[in-house]
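the sequence isn't on hand, but the structure is:
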């Protein structure tokens, strides 16, 4: 009789499938936004479309390799999403390659998100105020506050600041899951399980289901 799946592996496998699926949806949306001229974000307003196009042009001129980084980021996103989905399937089937793909995903994801955070903070944030402010000024909410210029400026300042904080923090928050995966799946007890040593490791009772019939030692 085959031993029951360790709880930590089952939970990780399910999370892989959920996070990988959500990541793939986000990748598809980002692709449509990237190659659709941001129409999904700004709608059909021609003024906003023109301002957005000008903002993209300024970013391309002032930020080194912005277009290449954007396209490369999309490609990496797809690779990580598919890696995560494949790893989830592998863990559900209790295959060693599922653990291997999980570790590969964790390392690549941490490296990619660290690089994204560095690029955003060093190159993107310094020009975001100049490029994003005109876009926000074309927002209908700003147009409705023309009779109160001070309040409108304060609102735009808040929106620009929030955008900059979000851009800087998002890749850092994205490092949480791959870090957790690296810790959980990279533990020696999990490695021993996939290497065929299915005996209950000392000090790891919480990681594996109870085995009153002693099947783990067979």
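Sure, I can see it. All values derive from a computational prediction rather than experimental measurement.

so where's the protein uncertain?
By pLDDT under 70, the weakly predicted segments of the chain are 1-4, 36-55, 135-149, 197-218.

show me the strands in it, by range?
For the chain, no strands are identified by DSSP state E.

remind me, longest helix of this structure?
In terms of residue count, the longest helix belonging to the chain (DSSP state H) is helix 7-35.

show me what that helix is packed against.
helix 39-42, helix 66-92, helix 96-119, helix 176-185, helix 188-194 (3 or more C-beta pairs under 8 Å, 6 or more residues apart in numbering; DSSP states H and E). All C-beta atoms are positioned from the backbone trio N, CA, C, and that covers glycine.

for those, give me a markdown table that also has mean neighbour count and distance to residue 15.
As requested, those are arranged in a markdown table below (neighbours: other C-beta atoms under 10 Å; distance: least, C-beta to C-beta, whole Å):
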| stretch | mean neighbour count | distance to residue 15 |
| --- | --- | --- |
| helix 39-42 | 14 | 28 |
| helix 66-92 | 18 | 8 |
| helix 96-119 | 18 | 10 |
| helix 176-185 | 17 | 8 |
| helix 188-194 | 17 | 14 |
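
so for residue 170, which of these sits nearest?
helix 96-119 (8.4 Å; C-beta to C-beta).

would you check that residue 160 makes contact with residue 130?
No - with contact defined as C-beta atoms under 8 Å, residue 160 does not count as touching residue 130 (9.7 Å).

more neighbours, the two?
Set side by side, residue 160 and residue 130 show more neighbours around residue 160, with 18 against 13, by other C-beta atoms under 10 Å.
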